[in-house]
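# Structure of the sequence below:
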Amino acid sequence: MVAALLAQAAARAAQQKRRPASRTTTILVLGDSLSAEYGLPRGTGWVALLQKRLAADRIAASVQNASISGETTAGGLSRLPALLAQDRPGIVIIELGANDALRGLSLAATKDNLNRMTLLAERAGAKVLLLGMQVPPNYGSDYTRRFAALYGEVARADRAALVPFFLAGVADAPNAFELFQSDGIHPVAAAHPTLLANVWPELQRLLR
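Here you go, the predicted structure:
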């Protein structure tokens, strides 16, 4: 009887050893200067705050920030395959498109690039979160409307998660002037907790 119990215990222990340990999810952030801490002290941007939030909440996830100031959707698309192979992310956050608009690039090309990045990530086994952007009204009402809409169109077509406007609560805040650096484009460090707050609810759903 004792021998049988010991044998059962040994079998259970061996089975537990064979079970794979829980893996840490890698979150790849593919963005531009808004995610690359342009003009900010290191560690104060929303991506760095995200890593701290994950650690504080004891969520088994790490962040790889592949953001580059000035990056376009075409640049992100060209870099993504290597990043997917290197980091094997479980989640990819795409924060790109603003520089396409600043350079007057084709909306159709921007949409196509976002679509191709989303599909590449999904085919690699990652969930995708798109961070939507908007442009000022001086671009013209038609361009402004179509640019803002393309993120939702890509998200619906590819079944990706979406933050409709990444800069909500910052660019449209009553004191917006105080929340941007002198260039009027890049948020100051004090605005980055708001950016993280915009991303967090959708990201939390993907982490479940």
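# now the helices for the chain?
Assigned by DSSP state H, the helices in the chain fall at 2-18, 46-56, 73-87, 98-102, 107-123, 141-158, 192-207.
# In CSV: those helices, plus distance to S67, mean neighbour count and mean pLDDT.
C-beta here means a position set from N, CA and C on the backbone, and glycine is covered the same way. Listed next are the helices of the chain as CSV, based on distance: least, Cβ to Cβ, whole Å; neighbours: other Cβ atoms under 10 Å; pLDDT from 0 to 100:
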stretch, distance to S67, mean neighbour count, mean pLDDT
helix 2-18, 39, 9, 45
helix 46-56, 7, 18, 98
helix 73-87, 9, 17, 98
helix 98-102, 12, 21, 95
helix 107-123, 14, 19, 98
helix 141-158, 17, 16, 96
helix 192-207, 13, 17, 98
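# Which one, of those, ends up nearest to S33?
When the helices of the chain are compared by Cβ to Cβ, helix 98-102 sits nearest S33, at 8.1 Å.
# I185 is nearest to which of the helices of the chain?
Nearest of the helices of the chain (Cβ to Cβ): helix 98-102, 8.3 Å.
# I'd like the helices of the chain as TSV, with distance to L129 appended.
What follows is the helices of the chain, written out as TSV (distance: least, Cβ to Cβ, whole Å):
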stretch	distance to L129
helix 2-18	34
helix 46-56	11
helix 73-87	14
helix 98-102	16
helix 107-123	10
helix 141-158	9
helix 192-207	6
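# Go through these and name the closest to F166.
Among these, helix 192-207 sits nearest to F166 (Cβ to Cβ), with 6.0 Å.
# could you check the angle helix 46-56 makes with that closest one?
Helix 192-207 and helix 46-56 meet at an angle of 60 degrees, taking axes from the mean of the first three to the mean of the last three Cα atoms, to 10 degrees as the criterion.
# who's in contact with helix 192-207?
Contact with helix 192-207 is made by 25, 27, 34, 40, 44-46, 49-50, 53, 59, 61, 91, 93, 127, 129, 131, 161-163, 165-170, 187, as judged by Cβ atoms under 8 Å, 6 or more residues apart in numbering.
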